[in-house]
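Trainee: I need the structure of the sequence given here:
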Amino acid sequence: MNPAPGRPGVAAPISRALAFLAVVVLIGALPWLSGNSPEYTVLRARYADRPATPEVLAQVRAELGLDRGPLAVFADWASGVLAGDFGTSWISDRPVLPGVLEALGVSLTLMGAALAVALFVAALACVPTVRAGLAGRPSRGPGAAAAALTALPEFLLAAGLLIVVAVWWGWLPPYGWSAPGHVVLPALALGLPAGGLIGRLLSTAVAGAFTEHWVHTWAVAGHSRARIALAALHRALTGVIGQIALVMVGLTGGAVPVEEVFAIPGLGRTLLGAAASQDLPVLQAGVLVLLVLAAAVGALAALIRRRLLGPAARTGDLPVPGPPVGPGRSWWVVPAVSGALLLALIVAGLFRDPYSSTHARLQPPSTALPLGADASGRDVLARVGHGALDTLGLALVVVAACLVIGLLIGLTGAWSTGPVEVTNAAPPIIAGILVVAMAGPSAAGAALAVTLVSWAPLAAHTAALVAEISARPYVRVLPLLGVGRGRILAGTVLPTLLPEVIRHAILRLPGTALAIAGLGFLGLGQQPPAPEWGLLLSEGINYVERAPWTVLGPAVALVLASVLAVSLSSADIARRSGPVPTPTPAGIG
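Mentor: Below you'll find the predicted structure:
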């Protein structure tokens, strides 16, 4: 008896279908949920010379079929999709599918290049962990380096690469998508942060694999260091392959800011424009393509994971990690230094006025003005300090909510497959547009939008751990002893996986802050003159070439917050939660 809920052969396809249907229906109902008038937008796009009288708007509404209600419009679209017709754009009056597929090809090319960068960075991050494991030394992962990469805002990194590499040095083209050179800078902007996240997760999993009993057994048996290293990587990939799949889909659907900076005609940018203009057929087709892509990548990841585990998942021959590595004597140095610098930055700004425009426009840094002034003559240091509560405080609330949601959904096992894949396919920016369309831009709206799409990695991680822990011998024997499924989940599986999921949640704190900042950067979160860090980046990005201090403050604050969060997440949470049972050693399946 398997204590993990859901039968994978039945639950996963059903959950995918239900989640897919729910999201498509939600997108189809957007014009009615928002309360806006799509016919007015279409009138301005198609018939700019006609007055917006009630009669003309009613005529446009009839042309679009909106007078028949959302159910009829959705039914017509769904029947057309089944026949291979995705409809006609409400704005350009052209068939939808060719443009969406062309944009998808651009996004897939960018995703492939960015993934190559991410995997290269992740491999570099794992090298110290592998060396330590082969030498028999405990390791807790790469630490601050991967954390700093994870914290790099894609849109800020993209702007920096554009200005330095393309404009100042002239090495690569700055805009467009017509030559191989156009791929390099956006791939770096997307791949470096993704590589930091994958590297951190994979390095932690590799460190855990080297604590398993088989490593010592193989070393005594005379296996080569290279073979042991490959086996440890093989073992570690089973727990993080799902996360890599989520990153792959996120690189396709979440590249909107980078596509905007480099003027890349990708799918994310196409969806952003369609949502802003309420071009419902394009939006529906684009979301459908993302959902199919997410389902395909998720299914491929599940297949790879089963192949990596082999018969061990069925026989219960999975090795159990040894006791987690405790923090060394100097573990506190990195969080102490980063925390002190961040606290000093925030406190120094809290005693200054973030709103008054008493300084010269773009005034350079000085003793009296340590971080200079922005384009409105306001103190950048003051705005960074006062914006900490808006950005980090909101990110903490969102991470806590995502942790609870991720645990609850992840514990359902295979039933979480569809919601996870569908949710990860929706970029926070698209979710932000949907929330803003219904409630308007605000801090609460930004928090809700990020929460709606950020629980998926935690749920996927939880589901993977549930499946792996449930396959361990000491768990598989519990039903034979009369222990019920609920008691196994609550008393054995959940306490075992909780420390790892909490560490993962803390690791996602900087990414959550970046997502909130990204919505603010695009005007979908806090509104001026609020000193939210995303707004600070948005306000200063146009002046970064001649006044880099306008973005230096919020960028440094985000990096410091990331290093602090990730370094603290490694502080031996697992050991404080209690020992892990260790059954008879088993080999790699």
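
Trainee: please make it C-alpha for all contacts and neighbour counts, starting now.
Mentor: OK.

Trainee: the stretch 1-150 of the chain: strands as residue ranges?
Mentor: Here the stretch 1-150 of the chain has no strands by DSSP state E, counting those that start in this stretch.

Trainee: residue ranges in it under the pLDDT threshold?
Mentor: 1-9, 27-28, 30-37, 48, 138-145, 147-148 (pLDDT under 70).

Trainee: go with 80
Mentor: 1-13, 15-17, 19-21, 23-52, 60-61, 63-78, 90, 93, 136-150 (pLDDT under 80).

Trainee: where exactly do the helices run in it?
Mentor: 8-28, 30-34, 38-46, 54-64, 70-82, 96-134, 144-151 (DSSP state H, counting those that start in this stretch).

Trainee: list the buried ones in the longest one?
Mentor: Along helix 96-134, the positions that meet the burial threshold by neighbour count (16 or more other Cα atoms under 10 Å) are 96-97, 99-101, 103-104, 106-108, 110-119, 121-126, 128-130, 132-134.

Trainee: contacts for stretch 364-372, please.
Mentor: The contact list for stretch 364-372 (Cα atoms under 8 Å, 6 or more residues apart in numbering) reads 362, 363, 373, 379, 380, 381, 547, 549, 550, 552, 553.

Trainee: at 10 Å instead, please
Mentor: The contact list for stretch 364-372 (Cα atoms under 10 Å, 6 or more residues apart in numbering) reads 348, 359-363, 373-374, 378-382, 384, 547-553.

Trainee: break the protein into its domains for me.
Mentor: If you go by automatic domain parsing, the domain ranges for the chain are 1-85, 95-315, 334-576.

Trainee: circling back: okay, and which of the contacts of stretch 364-372 map to helices?
Mentor: Under the assignment DSSP state H, these contribute 348, 380, 381, 382, 384, 549, 550, 551, 552, 553 to helices.

Trainee: next, the contact list for residue 165, please.
Mentor: Listed by Cα under 10 Å, 6+ apart, the contact set of residue 165 reads 159, 171, 172, 173, 174, 185.

Trainee: do residue 391 as well
Mentor: Per Cα under 10 Å, 6+ apart, neighbours of residue 391: 384, 443, 447, 510, 512-517, 520, 526, 531-534, 558.

Trainee: try residue 183
Mentor: Contact partners of residue 183, counting by Cα under 10 Å, 6+ apart, are 106, 109-111, 113-114, 172-173, 175-177, 262, 264.

Trainee: how near is residue 164 to residue 551?
Mentor: For residue 164, the distance to residue 551 (Cα to Cα, to the nearest Å) stands at 15 Å.

Trainee: so for these two, which residue has more residues nearby?
Mentor: residue 551 (25 against 13; other Cα atoms under 10 Å).

Trainee: quick check, pLDDT for the more buried one.
Mentor: Looking at residue 551, its pLDDT reads 84.

Trainee: residue 383 is in contact with that one, correct?
Mentor: No. The criterion here is Cα atoms under 10 Å, and residue 551 misses it with residue 383 at 11.2 Å.

Trainee: so what sits against both of these two?
Mentor: What both residue 551 and residue 383 touch, as defined by Cα under 10 Å, 6+ apart, is the set 374, 533, 536.

Trainee: the second one - how many residues pack around it?
Mentor: I take that to be residue 533. Neighbour number of residue 533 under other Cα under 10 Å is 33.

Trainee: you'd agree it is up against residue 541?
Mentor: No. Counting by Cα under 10 Å, residue 533 does not reach residue 541; the two are 12.0 Å apart.

Trainee: which neighbours do the two share?
Mentor: Shared contacts of residue 533 and residue 541, defined by Cα under 10 Å, 6+ apart, are found at 521, 551.

Trainee: gap between residue 561 and residue 461?
Mentor: For residue 561, the distance to residue 461 equals 23 Å [Cα to Cα].

Trainee: which residues touch residue 24?
Mentor: The contact partners of residue 24, taken as Cα under 10 Å, 6+ apart, are 30, 74, 78, 283, 284, 285, 287, 288, 291.

Trainee: go again with 7 Å.
Mentor: The contact partners of residue 24, taken as Cα atoms under 7 Å, 6 or more residues apart in numbering, are residue 284.

Trainee: next up, phi/psi of residue 169, please.
Mentor: Phi and psi for residue 169, reported as degrees, to the nearest 10, are phi -90, psi -30.

Trainee: equivalent analysis for the one 4 residues further on, please.
Mentor: As for residue 173, its main-chain torsions (degrees, to the nearest 10) stand at phi -70, psi 140.

Trainee: how near is it to residue 541?
Mentor: Separation of residue 173 from residue 541 (Cα to Cα): 19 Å.
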